[in-house]
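> Model the following, please.
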Amino acid sequence: MSELLGKLHESAVKFPMTDIWMDSCGEEELNYGLERGIVGATSNPIIVGGVIKNELSTWEPRIKELIKELPEATEDEIAWALIHEIGALRSKKLLPIFEQYKGLKGRLSIQTNAKYYRSAEKMIEQALVLNSLGPNMQVKMPASAAGIKAMEEATYNGISINATVSFTVAQAVAVAEAVERGIARRKAEGLDCSEMAPVCTIMIGRTDDWMKKYVANTGMVIDPECLEWAGVAVIKEAYRIFKERGYRTRLLSAANRNHYHWSSLIGGDLAQTINYSWYKRLNSCDVEVKSRIDEPVKAEYMAELNKIPEFHKSFKEDGQKPEEFETYGEFRSTLATFIGGYDDLCKLIRGLMI
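From the prediction side, this is the model:
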């Protein structure tokens, strides 16, 4: 890859410690990203539903085959059979990277059922199945109180986790501490941890979304530009804490809404998952590719953000307790979106079953 194919490719080449992932498991998207230096990918039922719609000529016949092969299966069981199949198939595209980096890169994140967010037991049970789909799987679970418990157990069982539905420093620290406990238990039993690659997603664009909703709903008057920096401020604070404490877990930024969500994190020892649409937009932009991870958010923006009570919950390490994670506004909104996306996938399958 001697020729640079856009800004994200340039970023991947110049700053290989800042991993670029594709926020999709679609064949077109993965091929595009792999040509431009991605080293990971993410999926969830919404993404899988989008892949099926985009690749309908491939997957509609397969769904019909599954319906015949599994005559007693419910639409939910067909949905998960399909999610498993797509995940296992598309993870193979990342295997060369996984092997090159000895498990530390080249993984496909695959998500547990969002409806299980209150049950650690159900998430662990499903995580074990998802992890068995390929050597380079990474299992996503929501950063709820039950999810934090599940992440410790999954880590103990040798599963590389990806915490999702996460927006705050408090969630990120809770995730990292859970992983540390799981790894410590493995090491105490002499179990290998060398190829484990846990990450904690902070959906920084959705953190911004929630600040904007809160400001609008309460009638606050805030400098609108500062609202584009809330998520960046949160992930930079989490990054500072992670580096100081030497956590094994790496941060993963997600949910791009502006170029700051990429450009402000260049040079960091973290990962960024970027959807296909934003990937193309950023690839063709004229933003300079340089390290900005150590540049703080402007003081005037922080002063404005600190006027917002919900920002304190997002930014402060003690801003929330684990039992409060589920009450955070964007947690509710995002979880509802994920569950809605899963329901849409089931509806698509239902249309072919009935």
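> Other residues contacting whichever strand or helix holds residue 21?
Element membership of residue 21 [criterion: DSSP states H and E] is strand 18-22. The contact list for strand 18-22, computed with C-beta atoms under 8 Å, 6 or more residues apart in numbering, reads 8, 11-12, 29-30, 32-33, 36-42, 105, 252, 265-276, 279, 293. Placement of C-beta: from N, CA and C, glycine included.
> ok, of these, which come out buried?
8, 11-12, 29-30, 32-33, 36-42, 105, 252, 265-268, 270-276, 279, 293 (16 or more other C-beta atoms under 10 Å).
> among the residues you listed, which are in helices?
Members of the buried ones among the contacts of strand 18-22 lying in helices (criterion: DSSP state H): 8, 11-12, 29-30, 32-33, 276, 279.
> so can I have TSV of those showing distance to residue 171 and pLDDT?
Output for those, formatted as TSV (distance: C-beta to C-beta, whole Å; pLDDT from 0 to 100):
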residue	distance to residue 171	pLDDT
8	27	96
11	26	97
12	27	96
29	27	97
30	28	97
32	31	97
33	27	97
276	26	96
279	26	96
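> Kindly tell me how buried the closest residue to residue 136 other than its chain neighbours is, as a neighbour count.
Distances taken as C-beta to C-beta, 6 or more residues apart in numbering put residue 98 closest to residue 136, at 3.9 Å, once the chain neighbours are dropped. Neighbourhood size, residue 98 [other C-beta atoms under 10 Å]: 24.
> moving C-terminal of the helix or strand encompassing residue 98, what's the next helix or strand?
Counting by DSSP H and E, the element that carries residue 98 is helix 95-100. Next helix or strand after helix 95-100 toward the C-terminus (DSSP H and E): strand 107-111.
> Just the CA trace of that next one, in PDB.
Only the C-alpha atoms of strand 107-111 are listed here, as PDB (Å, rounded to 0.1, in the frame of the first residue of the first chain):
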ATOM      1  CA  ARG A 107     -11.000  -8.900  15.100                       C
ATOM      2  CA  LEU A 108     -14.600  -8.700  14.200                       C
ATOM      3  CA  SER A 109     -16.900  -7.500  17.100                       C
ATOM      4  CA  ILE A 110     -20.200  -9.300  17.300                       C
ATOM      5  CA  GLN A 111     -22.900  -8.200  19.700                       C
END
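> from the ones in helices among the buried ones among the contacts of strand 18-22, which is closest to residue 110?
residue 30 (13.9 Å; C-beta to C-beta).
> The closest one: what's it in contact with?
22, 24, 38, 41, 90, 93-94.
> mind putting the residues you listed in CSV, pLDDT and distance to residue 153 included?
Output for those, formatted as CSV (pLDDT from 0 to 100; distance: C-beta to C-beta, whole Å):
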residue, pLDDT, distance to residue 153
22, 98, 29
24, 95, 29
38, 98, 30
41, 98, 25
90, 97, 26
93, 98, 29
94, 98, 25
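> got JSON lines for those, with distance to residue 229 too?
Output for these, formatted as JSON lines (distance: C-beta to C-beta, whole Å):
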{"residue": "22", "distance to residue 229": "25"}
{"residue": "24", "distance to residue 229": "26"}
{"residue": "38", "distance to residue 229": "26"}
{"residue": "41", "distance to residue 229": "27"}
{"residue": "90", "distance to residue 229": "34"}
{"residue": "93", "distance to residue 229": "35"}
{"residue": "94", "distance to residue 229": "32"}
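> ranges for the helices of the stretch 51-200 of the chain?
For the stretch 51-200 of the chain, helices defined by DSSP state H, counting those that start in this stretch occupy the ranges 56-69, 75-91, 95-100, 120-131, 145-156, 169-188.
> should've said the stretch 201-350 of the chain
Going by DSSP H, counting those that start in this stretch, the stretch 201-350 of the chain shows helices at 204-218, 230-245, 260-263, 276-283, 299-305, 309-315, 329-353.
> Run the chain-centre distance for the third one.
Offset of helix 260-263 from its chain centre (C-alpha atoms, centre = their mean, to the nearest Å): 16 Å.
> Can you list the neighbours in contact with the helix holding residue 98?
Outside helix 95-100, the residues that reach it (C-beta under 8 Å, 6+ apart) are 39-40, 105-107, 134-136.
> Go ahead and confirm residue 202 touches residue 232.
No - contact criterion C-beta atoms under 8 Å: residue 202 and residue 232 do not qualify, at 9.9 Å.
> doesn't residue 194 make contact with residue 102?
Yes - using C-beta under 8 Å, residue 102 makes contact with residue 194 at a distance of 7.3 Å.
> These two: which is more packed in?
Between residue 102 and residue 194, counted using other C-beta under 10 Å, residue 102 has the larger neighbour count: 11 against 7.
> Pull the contacting residues for the more buried one.
194-195.
> Just the pLDDT for it.
Among the per-residue scores, residue 102 holds a pLDDT of 97.
> Likewise for residue 251?
Residue 251 is given a pLDDT of 98.
> Alright, calling it a day.
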